[in-house]
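1. Fold the following, please.
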Amino acid sequence: MHNASDRPIRVLVGKVGLDGHDRGARIIATALRDAGMEVIYTGLRQTPEMVVNAALQEDVDAIGISILSGAHMTVFPKIIALMKEKGMDDVLLTGGGIIPDEDREKLQAMGVGELFPPGTPTSDIADYIRNWVRAHRDF
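-> Predicted coordinates:
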C-alpha cells in the first residue's frame, strides 16, 4: 500500500499562444521526469483554457508555462484567473522565459510562482517545484 505522499509530483508543462519554440519546454519536461516527477506536456499553441482544463483533468500539482513570445503579461494573468475560478488554489503556476524583472514582480504579486530566466539550471526548477508542493499540497 502506498500512501498519497508516495506518489510522484505531477506537473503540466505548456506552451501558450503562437510561440513556436518548444525546445526549452521539452528540456524542462525531460529534466522534471528525470527528477522523478510525472510530466504532462501539452505541446504547442495551447490556449490558457486548454492548459487549465488539462491541469484539472490530470490533477496536477504544478503548471509550468514556457513563454518566449513576450505575451507573459497576458498569458499568466489569464491562467491565474482561470485557476482561481476553478478553485485550483493549491496548484503552483510557475514558468520561465524572457520576462523583465518588473513584469516578474507584477506577476508574482498576482499569485504566479517563481519565473525562471533562460539558462536556469533545471535542478533549481525541480527543487523549487518539489519544495513548493511539499509546503502547499495537502496529501
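
2. buried stuff in the lowest-mean-pLDDT helix or strand in the chain?
-> Lowest mean confidence among the helices and strands of the chain (mean pLDDT, DSSP states H and E): helix 23-34, at a mean of 92. Using 16 or more other C-beta atoms under 10 Å as the test for burial, helix 23-34 gives Gly24, Ala25, Ile28, Ala29, Ala31, Leu32, Arg33. Heads up, the C-betas are built off the backbone N, CA and C, glycines and all.

3. Same list (those) but as JSON lines, adding distance to Gly96.
-> As requested, the buried residues of helix 23-34 are exported to JSON lines (distance: C-beta to C-beta, whole Å):
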{"residue": "Gly24", "distance to Gly96": "7"}
{"residue": "Ala25", "distance to Gly96": "9"}
{"residue": "Ile28", "distance to Gly96": "7"}
{"residue": "Ala29", "distance to Gly96": "12"}
{"residue": "Ala31", "distance to Gly96": "12"}
{"residue": "Leu32", "distance to Gly96": "12"}
{"residue": "Arg33", "distance to Gly96": "17"}
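
4. ok, so of those residues, who is nearest Ile9?
-> Leu32 (8.2 Å; C-beta to C-beta).

5. Now for the closest one: which residues touch it?
-> Contacts for Leu32 (C-beta atoms under 8 Å, 6 or more residues apart in numbering) come out as Val11, Val13, Val39, Gly64, Thr122, Ile125, Ala126, Ile129.

6. So which of those residues are in strands?
-> Val11, Val13, Val39, Gly64 (DSSP state E).

7. residue ranges with poor pLDDT in this protein?
-> Scanning the chain for pLDDT under 70 picks out the ranges 1-5, 138-139.

8. center of it - which residue?
-> For the chain, the residue nearest the mean C-alpha position is Gly64 (1.5 Å; C-alpha atoms, centre = their mean).
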